[in-house]
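Q: coords please:
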Amino acid sequence: MKNTQPLTKIKEMVRLGLGSSEIKNCVELTAGFCNIAYFITQEDGRKSILKIASPDETSRMRNESCLMENEVLAMRLAKDRISCKVPEVYFYDNSCKICSGSYFFMEVIEGKDYWALQEELNNEDKAKLNFSIGNLVKEISGIKGTYFGSLGNPNARFDTLSEWVCYLLKNVVLDAEDKDIDYFIPKTDLFSLFETDRTCFDEFKDPCLVHYDLWEGNIFVESKKITGIIDWERAMFSDPLMEDRFRTQKCSQDFLNGYSNRSFTYDEKRRLLWYDIILFLSMMNEGSFRNYPDDSTYNYAMPLYKSSLEKIKTASSEL
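A: Numbering: from 1, shown residues only. The predicted model follows:
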């Protein structure tokens, strides 16, 4: 459940975090399922986004812990280190004294999101934007970490990439079992396959920042150029190939050209398939956790998951 707050509480947060100026306007932003967000306009003209976390993580999937702490740390880390705007965090309060959840105020990014502009852009415009996204993913991956895992959850940090990916995989499998979702392979067989591929992961030893959720709705565009990236709550230190732009259903040649303009090794192809499996099984699970009104997300992700799973069962060098 979103942690909706009355205007009196929001005013108290504004006074503490942004100073004494009164609120002129407060509009709830309806996107997203974990945190609630408000667009705040103050009497002195300042604008900001207020995000408030739910105090209860029991209804979330296992890989969704500490999302707000994660987002604040990621934005502060990435700000001024990549070539587009990362929102400035004006104030962060995790004391839970004003309300039952952590919250922060952040900068408003100008422009519209890429998703909303799809019909206004021609194929050439989209190709250029996708190339730019590839460049940005490469820039983000230039920000290095000292461990593999979560920025916000100290209990989800590991020395090797294989340990981190195994942790994520175990969590999505446990989530599926909690909701009686068929993942089309005995658990022992799935993890036996993973153990066979451990060396594919452990060749990668340099943890990099990964946004992990760079779908078009989180990319802001103005004058056909990328102006900013939002929603860093799922960011991690990992393999750059975990970024969702590399997933089977959305990876484009324009993006790949912007990222590196090279082909993938056999080990990288194996890792890409495992990252597909983790994402698609998570999508298969999420409707049951978030009480979606229909099965459209499951129906979209399930065949993609099964296709990647079948490829994982193949040890051929022709991947």
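
Q: hey, let's count contacts and neighbours off CA atoms from now on
A: Noted.

Q: In three-state terms, label residue 128 for me.
A: State at residue 128, reduced to three classes by DSSP: H, G, I helix; E, B strand; the rest coil: helix.

Q: Check what pLDDT it gets.
A: Looking at residue 128, its pLDDT stands at 97.

Q: Contact partners for the closest residue to it other than its chain neighbours?
A: Spatially, and ignoring its direct neighbours in sequence, residue 128 is nearest to residue 254 (7.4 Å; Cα to Cα, 6 or more residues apart in numbering). Residue 254 makes contact with 127-128, 130-131, 134, according to Cα atoms under 8 Å, 6 or more residues apart in numbering.

Q: Return the closest of the residues you listed with respect to residue 293.
A: For the contacts of residue 254, the closest approach to residue 293 (Cα to Cα) belongs to residue 130, at 31.6 Å.

Q: dump the residue contacts of that closest one.
A: Counting by Cα under 8 Å, 6+ apart, residue 130 makes contact with 252, 254-255, 258.

Q: which of these sit farthest apart?
A: Within the contacts of residue 130, 252 and 258 form the most distant pair, 10.1 Å apart (Cα to Cα).

Q: neighbour count winner among these two?
A: Counted by other Cα atoms under 10 Å, residue 252 and residue 258 do not tie: residue 258 has more neighbours, with 20 against 16.

Q: Could you report the neighbour count for residue 183?
A: Residues contacting residue 183 under the criterion other Cα under 10 Å number 20.

Q: Which secondary structure state is assigned to the nearest residue to residue 105 once chain neighbours are set aside?
A: In space, and not counting its chain neighbours, residue 105 is closest to residue 50: 4.5 Å by Cα to Cα, 6+ apart. The assignment at residue 50 comes out as strand when based on three-state DSSP.

Q: List the contacts of residue 50.
A: The neighbours of residue 50, taking Cα under 8 Å, 6+ apart as the test, are 37-40, 103-106.

Q: rerun at 7 Å
A: Going by Cα atoms under 7 Å, 6 or more residues apart in numbering, residue 50 touches 37-40, 104-106.

Q: Ok, residue 212 next?
A: 234-235, 242-244.
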